[in-house]
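Q: Sharing a sequence plus its predicted fold:
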Amino acid sequence: MPRINHQLHEQSLITLAGTVGVGKSTLTNKLSETLGFRAAYEKVDGNPYLEDYYSDFQKWSFHLQMYFLAERFKQQKFMHEEGLGYVQDRSIYEDVGIFAQLQFDQGNMTERDFNTYHSLFEAMVMNPYFPKPDVLVFINGSFESILARIQARGRQMEIDTPVEFWEDLYTRYQTWIANFQECPVLHLDIDHYDCSDPVSMQEIVTALEELQQTAHPAHVKL
Ligand SMILES: Nc1ncnc2c1ncn2[C@@H]1O[C@H](COP(=O)(O)OP(=O)(O)O)[C@@H](O)[C@H]1O
Ligand SMILES: Nc1ncnc2c1ncn2[C@H]1C[C@H](O)[C@@H](COP(=O)(O)O)O1
């Protein structure tokens, strides 16, 4: 993917959000190349809890959430210390607002554990010292298309997970993003961009430039 000249400041943090399988890692890769920024991925291989979690949500939800929160916070700290432009694959806000909340609501995390997790998140993230993304890019699409991508990617633990779980996750994302106010949001639909097409990438970059200039947390659809 050719580099595109852009007006984003050189220490920008562009964070990608969206449900499992929607295309965050793929766009993280293309967008970071396009902008000449570094990519910060969410590591799935080597996660010590993920397979256990998918086989027993009740037993492992709290452990997995603590692990993701620690990893995400360390990644955020590293990016801040590096002081470079980054495209980040998933935001820390999704950990608490989507995944931990889902497991608590489904009865897989006790109230005691959820409160402990939540108070740690509040102390670490919801303060003026925690850098917010310049723009959060929310990737969305039809539930059927996203489910097909999960199947095609072929992580067995995800394929074996009941479809009702993915439906619940998908529905939560729609409500969560509608209420998200931490930073400006660019909404992308998977049927309306093509990350191998330089014209499509230019449209995304232009929208990011405009959103970075907005003084309030606007939501813009491309
Ligand atoms: N724009 C796209 N068009 C077609 N397939 C895509 C596109 N983006 C991602 N995919 C495919 O969808 C699957 C999930 O993509 P991935 O980037 O891993 O999603 P996420 O990081 O959101 O879980 C992968 O198999 C990937 O190759
Ligand atoms: N906070 C999380 N809780 C539970 N599961 C999570 C969390 N963050 C990511 N995950 C899972 C979901 C997927 O199975 C993998 C990676 O997500 P992806 O959207 O494919 O990048 O980890």
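A: Arrived safely, thanks for sending. Ligands and ions are numbered 1, 2, ... in the order given.
Q: My impression was that residue 16 belongs to a strand - is that right?
A: Yes. Residue 16 forms part of a strand when assessed by DSSP: H, G, I helix; E, B strand; the rest coil.
Q: That one and residue 89 touch, don't they?
A: Yes. Between residue 16 and residue 89 there is a contact at 5.8 Å, judged by Cβ atoms under 8 Å. For the C-beta atoms, the positions are set from N, CA and C on the backbone; glycine is no exception.
Q: Ramachandran coordinates for the most centrally placed residue in the chain?
A: Most central in the chain under Cα atoms, centre = their mean is residue 90, positioned 2.1 Å from the mean C-alpha point. The phi/psi pair for residue 90 (degrees, to the nearest 10) reads phi 90, psi 140.
Q: Against residue 40, how distant is it?
A: Relative to residue 40, residue 90 is positioned 9 Å away (Cβ to Cβ, to the nearest Å).
Q: any idea how far the helix ranked longest in the chain is from the chain center?
A: When the chain is parsed with DSSP state H, its longest helix is helix 57-82. In terms of Cα atoms, centre = their mean, to the nearest Å, the centre of helix 57-82 is found 13 Å from the chain centre.
Q: Residue 187 and residue 135 touch, don't they?
A: No. If you go by Cβ under 8 Å, residue 187 and residue 135 don't touch, sitting 11.1 Å apart.
Q: Give me the more crowded residue out of these two.
A: Neighbour count, other Cβ atoms under 10 Å: between residue 187 and residue 135, residue 135 has more, with 26 against 17.
Q: Can you tell me how far the more buried one is from residue 61?
A: 30 Å.
Q: same deal with residue 88?
A: Distance of residue 88 to residue 61, given as Cβ to Cβ: 24 Å.
Q: pLDDT wise, what is the nearest residue to residue 49 once chain neighbours are set aside at?
A: Spatial nearest neighbour of residue 49, chain neighbours left out: residue 64 (4.3 Å); criterion: Cβ to Cβ, 6 or more residues apart in numbering. Residue 64 is assigned 98 on the pLDDT scale.
Q: Same question for residue 110.
A: Per-residue confidence (pLDDT) for residue 110: 97.
Q: Neighbours of it, how many?
A: Around residue 110 there are 13 residues (other Cβ under 10 Å).
Q: that's a strand at residue 136, yeah?
A: Yes. Counting by three-state DSSP, residue 136 falls inside a strand.
Q: Can you tell me how far residue 83 is from ligand 2?
A: 25 Å (Cβ to the nearest ligand atom, to the nearest Å).
Q: oh, I was asking about residue 6
A: 25 Å.
Q: I figured that residue was touching residue 207, is that so?
A: No. Using Cβ under 8 Å, residue 6 makes no contact with residue 207, being 11.1 Å away.
Q: got the contact list for residue 210?
A: By Cβ atoms under 8 Å, 6 or more residues apart in numbering, the contact set of residue 210 is residue 220.
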